[in-house]
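# I need the structure of the sequence given here:
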Amino acid sequence: MAQGMKRLGTPIAALLGVALIALIATSWLINRDALRKAVEAQIREVTGLELNVAGSIDISLLPASYISFHDVGLKGGGTSDPALHVDVLTANLRLLPLLLQRFEIADLALLRPRIHVSLKPDGESNWTPFIQTIARTMRPGADNQVSFSEIRIQDGVLNYEDAATHATEKFEDIDLSLAWPSISRSFAATGQFDWRGERVDGSISFADFVAALSGDRSGLRARIASAPLKLAFDGSVANRTSPMMEGTLTIDSPSLRNALRWTGQPQPGSGGFGRFALKARANVVGPSIALTNVNVELDGNTAEGVMTYANNGRQTLQATLAADALDFTPYISTFRLLASGARDWNRQLFDLNGLSTTDLDMRLSAAKLTIGSTRLGRTAIGANLRNGQLALSVGEAQVYGGIAKGSFGIARSDTVADIKAQFQFTDVDLQACATELFGLNKLSGRGNINVSLLASGSSPFGLVQSLDGSATVTGHDGAIAGFNAEQLLKRLERRPLSGGGNFRSGSTPYSNLTIALKFSDGVATAEDIRIEGPAAKITMTGTASVPAREYDMKGVASLNTTSGFELPFVVQGPWDDPLILPDSDVLIRRSPFGAQLLKKEGQTGDTVRSVIEKITGVKQRPAPADSPTAENAKENAKDNAKSN
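Below you'll find the model as predicted:
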């Protein structure tokens, strides 16, 4: 066996020696000028670009066979500026053809290339000649079918500009490998690059590269992976009259807000838009993307439906989505009507930039919807944003134990927001509804609320200062917390000067409630307030300042008895803790002792009044002589005198 191996190894060694001698002889006898011209011709035939060499040329046959061009520019026919400039372009040569004095390029290596891509308004680019030429030379049956197995790019830079949109992009530190192992079929490119401060890993492959270059249908797989965003597409592509893609699209991002910032898109508001994932069937035609079978997740919310996105100079998003449960709290968490830890309205200026960059048309339905502390049942919402104007419509929402319908609109004028709201609440829990909508926690029962409001301002405080519109409330079978009108009236009817007592405890039940308010420049005027209970009735007039969140109102409470005892009173102070004070004149005149003393004129009458007000704990200026309160007091005094 050993002798056989020796006999076999001898001719092999001799053959290798002959090959080495032939290769050395070839390196001596090779025509370097012919090699250069042959390589330049092959590059021109494959790429369609002219090779302009401004630097030196290095040629090596041993130990590696290559030719390197320094300071190279490549440009298409009819163009003055090079589409590609390379510090060093190296063409590695095939060994066997080289021994036969034929110069064939195996692959190309481009060191520090600077690539310029310019897209014209008609859709053509400075790389169109390259695409057309490579499609023609690689087509099966071509006369001079020449190609490279691989092109490697190291430390490259790509500058892109769109003449129609004036958009520019720059990709740096490009390390890329382009390969089509089967010349007439597949193509693949893999590598990395820097874009907007992030390192991106990317890959793309065509099942039929020639068909793709010619605009015919070809299979396509693409992957992009970076810290802000991951994207994958599996499907097909064609480009006859305009780019068309169809397949499965998958997008994943740990923070949609960061991804939008990275891609240069406007960021909506300042809350939410964190974890994001989308999977859908995509159909791309030009700048429009239609998504079907959509499964989307955002901030823990998941929904299904269809979406359409277009970018024809202005971004437009249309969507119809359905979900089991949605939580909108992250998107309103930064919007506070009241200043933190205070009773004053928030004076922080609105950020309205998000209303002017994107058009939106969305239909959203959910079995459960959460907005802050509000819990809604089955809800259907429509949102339309166009030319800086946002319109929200609630087709029907199960909320506060009833049904809500209405609309809400925001129009931007510089830094000022013009607000218009119209809502109808039917058979709702008045305590929950009034507390969240108006900050009133004294009302309970069930009823209907109609609100129609207009406002304009650059902050929540500015809005309430300009508030105009109307609001009506009708309720039944409830109560008003803060005082018990029946007990108070009966006690004062028996003993008018029995002392101030506690006017701010208990509650007043009612059978029917009617409230009609008119808003003008932030002041609510009571047009009709009637509270009718089984034992007492209350009517009120006056105003309430929305910016100051304070009452300044008067009312009359009366017993539903044969005596018909009436007591005027005032409501003053902050919304959440108002003062309710009875009219001291009526109490004094109701008392036989006080009425006799008040008949005296001058200083004695004033002194008696002061003493009685100290006893009752109620201090109030007497009503004008011609006021309704004074008239009521006089009538009550007469009735008391007769009864006494």
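# and for A535, the neighbour number?
By other Cβ atoms under 10 Å, the residues close to A535 number 15. The C-beta positions use only the backbone N, C-alpha and C, and glycine is treated the same way.
# identify the residue nearest it in space, chain neighbours excluded?
E486 (4.2 Å; Cβ to Cβ, 6 or more residues apart in numbering).
# which residues touch the one you found?
For E486, the contact set (Cβ atoms under 8 Å, 6 or more residues apart in numbering) comprises 508, 533, 535-536, 559.
# quick check: mean pLDDT of stretch 58-73?
Mean per-residue pLDDT for stretch 58-73: 87.
# list the buried residues in it.
61, 65-70, 72-73 (16 or more other Cβ atoms under 10 Å).
# ok, stretch 317-324 next?
Quick answer for stretch 317-324 (16+ other Cβ under 10 Å): 317-321, 323.
# same check on stretch 417-425?
So, applying 16+ other Cβ under 10 Å, buried residues of stretch 417-425: 417-423, 425.
# ok, stretch 459-475 next?
In stretch 459-475, counting by 16+ other Cβ under 10 Å, buried: 459-467, 469-473, 475.
# is it true that M307 touches L317?
Yes. Using Cβ atoms under 8 Å, M307 is in contact with L317, at 7.0 Å.
# nearest the geometric middle of the chain, what residue?
P268 (3.7 Å; Cα atoms, centre = their mean).
# am I right that G219 is in contact with A238?
No. G219 is beyond contact range of A238, at 10.8 Å (criterion: Cβ under 8 Å).
# ok but G564 is inside a helix, no?
No. Read with DSSP: H, G, I helix; E, B strand; the rest coil, G564 is coil and lies in no helix.
# which parts of the stretch 451-600 of the chain are strands?
For the stretch 451-600 of the chain, the strands defined by DSSP state E, counting those that start in this stretch cover 468-481, 507-520, 523-532, 536-545, 550-559, 566-574, 579-582.
# V285: which of the ones you listed is closest?
strand 468-481 (45.5 Å; Cβ to Cβ).
# what packs against the closest one?
helix 430-438, strand 443-457, strand 507-520 (3 or more Cβ pairs under 8 Å, 6 or more residues apart in numbering; DSSP states H and E).
# give me the beta-bridge partners of F519?
Bridge pairing for F519 (DSSP bridges) gives the partners G469, A524.
# numbering from 19 from now on, please.
From this message on, residue numbering opens at 19, which makes the last subject F537.
# that one is in contact with D486, isn't it?
Yes. At 5.4 Å, F537 counts as touching D486 under the criterion of Cβ under 8 Å.
# which residues are common contacts for the two?
Contacts common to F537 and D486, judged by Cβ under 8 Å, 6+ apart, are L471.
# tell me which stretches of the stretch 19-168 of the chain form helices.
20-47, 50-65, 113-117, 146-156 (DSSP state H, counting those that start in this stretch).
# and E142, what are its phi and psi?
Backbone torsions of E142, given as degrees, to the nearest 10, read phi -80, psi 160.
# tell me how many other residues crowd it.
12.
# with S167 instead?
Counted with other Cβ under 10 Å, S167 comes out at 15.
# spatially, what comes nearest to it if we skip its sequence neighbours?
Closest residue to S167 apart from its sequence neighbours, by Cβ to Cβ, 6+ apart: D125 at 5.4 Å.
# what is the one you found paired to in the beta sheet?
N110, E168.
# S195 is in contact with that one, correct?
No. With contacts counted by Cβ under 8 Å, D125 stays clear of S195, the gap being 9.6 Å.
# now the common contact residues for those two.
168-170.
# weed out the non-buried ones from the residues you listed.
In the shared contacts of D125 and S195, the ones that pass as buried (16+ other Cβ under 10 Å) are 169-170.
# adding pLDDT, write the shared contacts of D125 and S195 out as a markdown table.
Formatted as a markdown table, the shared contacts of D125 and S195 follow (pLDDT from 0 to 100):
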| residue | pLDDT |
| --- | --- |
| E168 | 86 |
| I169 | 90 |
| R170 | 94 |
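# so can I have JSON lines of the shared contacts of D125 and S195 showing distance to K572?
Below are the shared contacts of D125 and S195 laid out as JSON lines (distance: Cβ to Cβ, whole Å):
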{"residue": "E168", "distance to K572": "91"}
{"residue": "I169", "distance to K572": "89"}
{"residue": "R170", "distance to K572": "88"}
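# tell me which stretches of the stretch 219-368 of the chain form helices.
Using DSSP H, counting those that start in this stretch, helices in the stretch 219-368 of the chain cover 227-232, 274-280, 347-350.
# would you mind finding the most buried of those helices?
helix 227-232 (a mean of 21; mean count of other Cβ atoms under 10 Å).
# that one packs against which elements?
helix 146-156, strand 236-243.
# which stretch among those comes nearest L585?
Of all the helices and strands packed on helix 227-232, strand 236-243 comes closest under Cβ to Cβ, at 76.4 Å.
# tell me which strands the closest one pairs with, and in which orientation.
Here, using DSSP bridges, strand 236-243 pairs with strand 216-224 (antiparallel), strand 248-256 (antiparallel).
# could I get the CA-only coordinates of it as PDB?
The C-alpha trace of strand 236-243 is given here as PDB (Å, rounded to 0.1, in the frame of the first residue of the first chain):
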ATOM      1  CA  SER A 236     -40.400  37.400  -8.300                       C
ATOM      2  CA  GLY A 237     -40.300  35.900  -4.800                       C
ATOM      3  CA  LEU A 238     -38.900  38.300  -2.200                       C
ATOM      4  CA  ARG A 239     -37.700  37.900   1.400                       C
ATOM      5  CA  ALA A 240     -36.500  40.900   3.400                       C
ATOM      6  CA  ARG A 241     -35.300  41.300   7.000                       C
ATOM      7  CA  ILE A 242     -34.300  44.400   8.900                       C
ATOM      8  CA  ALA A 243     -33.200  44.300  12.500                       C
END
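# I figured L335 hits V324, correct?
No. Between L335 and V324 there is no contact under Cβ under 8 Å: 11.7 Å.
# quick one: low-confidence parts of the stretch 69-218 of the chain?
Residues of the stretch 69-218 of the chain that meet the criterion pLDDT under 70 lie in 94-98, 117, 155-165, 198-202.
# which residues does Q483 contact?
475, 539-540, 565.
# farthest pair in these?
It's G475 and D539 that sit farthest apart of the contacts of Q483, by Cβ to Cβ, at 11.7 Å.
# picking up where we left off before, rebuild the helices and strands packed on strand 486-499 as TSV, extending it with distance to F121, mean neighbour count and mean pLDDT.
Converted to TSV, the helices and strands packed on strand 486-499 look like this (distance: least, Cβ to Cβ, whole Å; neighbours: other Cβ atoms under 10 Å; pLDDT from 0 to 100):
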stretch	distance to F121	mean neighbour count	mean pLDDT
helix 448-456	82	19	81
strand 461-475	77	19	93
strand 525-538	88	18	94
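# tabulate these in a markdown table, adding columns for distance to G331.
Below are the helices and strands packed on strand 486-499 laid out as a markdown table (distance: least, Cβ to Cβ, whole Å):
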| stretch | distance to G331 |
| --- | --- |
| helix 448-456 | 40 |
| strand 461-475 | 30 |
| strand 525-538 | 41 |
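# return the set of buried residues in the host helix or strand of R396.
Here R396, judged by DSSP states H and E, is contained in strand 392-404. In terms of neighbour count (16+ other Cβ under 10 Å), strand 392-404 has its buried residues at 392, 394, 397-400, 402-403.
# can those residues go into a markdown table with extra columns for distance to V417 and pLDDT?
Formatted as a markdown table, the buried residues of strand 392-404 follow (distance: Cβ to Cβ, whole Å; pLDDT from 0 to 100):
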| residue | distance to V417 | pLDDT |
| --- | --- | --- |
| T392 | 7 | 81 |
| L394 | 5 | 89 |
| T397 | 8 | 93 |
| A398 | 12 | 93 |
| I399 | 12 | 92 |
| G400 | 16 | 93 |
| N402 | 22 | 91 |
| L403 | 23 | 87 |
